[in-house]
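A.B. asks: only geometry, no sequence info:
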């Protein structure tokens, strides 16, 4: 779909600028009370993010012109609520450098920018006016174990300058034209459709076309979330746990595994759950997740419960087991929160949707299960090879405790990854092999990285990959087209040479110069692994 | 007249790989898929879950 060429809301020109020193004894609490004249816990969270580690020194408050998605929202609200007025629009930028006047702004650099927020006040006749955070972006917590793959860069205006910062857009509902569902979608869509300001009117119009009685402020159905994603040309995998439990599906995939697939592939996902403590029973909330923490020392993968069981005879350890917390936003309370992985009880979770890379015909979860089967099928072939790392791999294949991590890569990304890799002794791959892969592999691939316990979490390294063609449909299954294209294991490649499926698949055995383990793939901004 | 659906094929890639590596191969090996119903059953369960998901809707907001 072609994007709308409107300016971004965060680039609006300032009409008035004020400077606030936010070093102690400045009080965030008192300042927010005076600014908003009411409670807004999500705004308090913004100030906490700026205050962390005593980094925040200056807050610049600007009244700004409404442009982009803000201007669009004002127009939408005029239509929905005659007499509507946007009574305030402020841009807040938080800085780690002291700045007290316009003339000093020239000393501010991008490195000093901690985050920004656009606060908007809506006024409807016969109702008290209300503030909300139209959007904000804050840099993630600066810790190598805090992983946000594929973080976009946001350009924000302050004074006469444009500054850039990495982060994930946070948006808050106003109960008028957007609920938790629309704002969660805008967060994730802004990571993918980076050249356009995602407007709520566009999201709402898509739903309205299917349901003329749709009331935007009352939220979205899961079926409407699907329609919106499809209208933006985005692939996804979703599970409705109410429906699957009723339909007799033997073991629905755990929600954290679905979310992890979307997060690790740099796209994220949404989690819909029932509020059991703070809300009325039956109320359902949905929030976006886009990152995770990685705990090298977690005991969880050693517990038998951590094995992912494809079936009675097929199990493995998913790299997800080293994830301690999901990182996401909750529009009620603010941005960049860690939610412990198993904190939300499965019985509370009603719906999960993970975004999936384009050019894929099936999910990362399917790819991982298929790759486990392919890997375990190589056992008879590998047993004859007298090489330490192959024998080590065989031990873990027999124990079915290999570690698998699944990522989408295109052909060029895969070849570039191998080109820059070296094994533990520093040996690199023969370039003629890589040149052949660059010209002959299918274009879109699921790369299922194969590692083993200790090697994976301690060294962030792996023994090889199972490469599947991501474009093959799994309907029917098994498919009529070859899925498994290649296996790279220590010292060898197995290269599919059966273009047509007919009996057992024939593979070429080709030597590899890399005889031991190599680094995991870190292509997605190098932030998916420390 | 009904249109014939275009079916994706990667046969040409596999043929190209075969040509690229001919004369450089240690040996050819035949790898039969394990005689195990787990993955087909798993994929079938995922499909059932997807169909059930499409038939139902939950409101969030």
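C.D. replies: That came through, no problem. Only a predicted model underlies this, so the values are computations on that prediction, with no experimental measurement involved. Residues are numbered from 1 along each chain as shown, chains lettered A, B, ... in the order given.

A.B. asks: neighbours of residue A:56, how many?
C.D. replies: Residue A:56 has 22 neighbours, counted by other C-beta atoms under 10 Å in any protein chain shown. For the C-beta atoms, the positions are set from N, CA and C on the backbone; glycine is no exception.

A.B. asks: show me the strands in chain B, by range?
C.D. replies: For chain B, applying DSSP state E gives strands covering B:27-31, B:59-60.

A.B. asks: redo the ones you listed as TSV? Include distance to chain A, mean pLDDT and mean neighbour count.
C.D. replies: Converted to TSV, the strands of chain B look like this (distance: least, C-beta to the nearest C-beta, whole Å; pLDDT from 0 to 100; neighbours: other C-beta atoms under 10 Å in any protein chain shown):
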stretch	distance to chain A	mean pLDDT	mean neighbour count
strand B:27-31	5	92	14
strand B:59-60	4	96	21
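
A.B. asks: which residues touch residue A:331?
C.D. replies: Listed by C-beta atoms under 8 Å, 6 or more residues apart in numbering or on different chains, the contact partners of residue A:331 are A:42, A:170-173, A:180, A:183-184, A:287.

A.B. asks: now distance to chain B, secondary structure and pLDDT too, for those, in CSV please.
C.D. replies: Shown next, in CSV, are the contacts of residue A:331 (distance: C-beta to the nearest C-beta, whole Å; DSSP: H, G, I helix; E, B strand; the rest coil; pLDDT from 0 to 100):
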residue, distance to chain B, secondary structure, pLDDT
A:42, 17, helix, 95
A:170, 17, strand, 98
A:171, 14, coil, 98
A:172, 13, coil, 98
A:173, 8, coil, 96
A:180, 6, helix, 97
A:183, 10, helix, 98
A:184, 8, helix, 98
A:287, 9, strand, 98
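
A.B. asks: in terms of helices and strands, where is residue A:456?
C.D. replies: Using DSSP states H and E, residue A:456 falls within helix A:455-459.

A.B. asks: what packs against that helix?
C.D. replies: strand A:403-410, strand A:461-462 (3 or more C-beta pairs under 8 Å, 6 or more residues apart in numbering or on different chains; DSSP states H and E).

A.B. asks: quickly run through the sheet partners of the last one, with directions.
C.D. replies: Put plainly, it is strand A:461-462. For strand A:461-462, the paired strands and their directions (DSSP bridges) are strand A:518-519 (antiparallel).

A.B. asks: what's the neighbour count on residue A:238?
C.D. replies: Neighbour tally, residue A:238, other C-beta under 10 Å: 22.

A.B. asks: residues touching it, list them.
C.D. replies: Counting by C-beta under 8 Å, 6+ apart, residue A:238 makes contact with A:222, A:225-226, A:258, A:351-354, B:50, B:53.

A.B. asks: tell me the residue of the stretch 251-400 of chain A that sits nearest chain B?
C.D. replies: residue A:311 (2.7 Å; C-beta to the nearest C-beta).

A.B. asks: quick one, phi/psi of that residue?
C.D. replies: Residue A:311 adopts backbone torsions of phi -170, psi -170, taken as degrees, to the nearest 10.

A.B. asks: that one contacts residue B:43, doesn't it?
C.D. replies: No: judged on C-beta atoms under 8 Å, residue A:311 makes no contact with residue B:43 at a distance of 10.7 Å.

A.B. asks: so the two - more neighbours on which side?
C.D. replies: When residue A:311 and residue B:43 are compared for neighbours, residue B:43 comes out ahead with 22 against 18, by other C-beta under 10 Å.

A.B. asks: isn't that one up against residue A:369?
C.D. replies: Yes: using C-beta under 8 Å, residue B:43 is in contact with residue A:369, at 7.4 Å.

A.B. asks: now residue A:420: how far from residue A:334?
C.D. replies: Taking C-beta to C-beta, to the nearest Å as the measure, residue A:420 falls 38 Å from residue A:334.

A.B. asks: ok, these two, which is more surrounded?
C.D. replies: residue A:334 (23 against 13).

A.B. asks: which one is the more buried one nearest to, not counting chain neighbours?
C.D. replies: residue A:45 (2.8 Å; C-beta to C-beta, 6 or more residues apart in numbering or on different chains).

A.B. asks: if we can go back for a sec, quick check: the residue nearest to the residue of the stretch 251-400 of chain A closest to chain B when sequence neighbours are not counted vs residue A:251, distance?
C.D. replies: On the basis of C-beta to C-beta, 6+ apart, the spatially nearest residue to residue A:311 that is not a chain neighbour turns out to be residue B:38, at 2.7 Å. Separation of residue B:38 from residue A:251 (C-beta to C-beta) stands at 12 Å.

A.B. asks: neighbour-wise, which of these two wins?
C.D. replies: The neighbour count for residue B:38 versus residue A:251, taken as other C-beta under 10 Å, is higher for residue B:38 (19 against 12).

A.B. asks: do I have it right that that one meets residue A:370?
C.D. replies: No: in this structure, residue B:38 is not within contact of residue A:370 by C-beta under 8 Å, at 10.6 Å.

A.B. asks: how far away is the nearest residue to residue A:368 once chain neighbours are set aside from residue A:264?
C.D. replies: Leaving out its chain neighbours, the residue that sits closest to residue A:368 by C-beta to C-beta, 6+ apart is residue A:406, at 4.5 Å. Distance, residue A:406 to residue A:264, by C-beta to C-beta: 7 Å.

A.B. asks: then residue A:136?
C.D. replies: Going from residue A:136 to residue A:264 by C-beta to C-beta gives 25 Å.

A.B. asks: so for the two, which residue has more residues nearby?
C.D. replies: Taking neighbours as other C-beta under 10 Å, residue A:136 and residue A:264 compare with residue A:136 leading, 29 against 26.

A.B. asks: is the residue lying closest to the more buried one once chain neighbours are set aside in a helix, a strand, or coil?
C.D. replies: Nearest non-adjacent residue to residue A:136, counting by C-beta to C-beta, 6+ apart: residue A:117, 3.6 Å away. Assigned with DSSP: H, G, I helix; E, B strand; the rest coil, residue A:117 falls in the strand class.

A.B. asks: tell me the bridge partners for the residue in the stretch 1-150 of chain A that chain B sits nearest to.
C.D. replies: For the stretch 1-150 of chain A and chain B, the shortest gap (C-beta to the nearest C-beta) falls at residue A:132, measuring 14.8 Å. Beta bridges link residue A:132 to residue A:120, judged by DSSP bridges.

A.B. asks: so residue A:157 touches residue A:9, yeah?
C.D. replies: No: Residue A:157 lies out of contact with residue A:9 (C-beta under 8 Å); the separation is 10.0 Å.

A.B. asks: more neighbours: the two, which one.
C.D. replies: Ranked by neighbour count (other C-beta under 10 Å), residue A:157 and residue A:9 place residue A:9 first, with 25 against 21.

A.B. asks: which secondary element of the chain has the worst mean pLDDT?
C.D. replies: I went with chain A, as the question did not name one. The weakest-scoring helix or strand in chain A, judged by mean pLDDT, DSSP states H and E, is strand A:146-147 (a mean of 91).

A.B. asks: that answer is for a different chain, and I need it for chain B
C.D. replies: Of chain B's SSEs (mean pLDDT, DSSP H and E), minimum confidence goes to strand B:27-31, a mean of 92.

A.B. asks: what are the contacting residues of that strand?
C.D. replies: With C-beta under 8 Å, 6+ apart as the test, strand B:27-31 has contacts from A:377-378, A:380-381, A:494, A:497, A:504-509.

A.B. asks: at 7 Å instead, please
C.D. replies: Residues from elsewhere that reach strand B:27-31, judged by C-beta atoms under 7 Å, 6 or more residues apart in numbering or on different chains: A:377-378, A:381, A:504-509.
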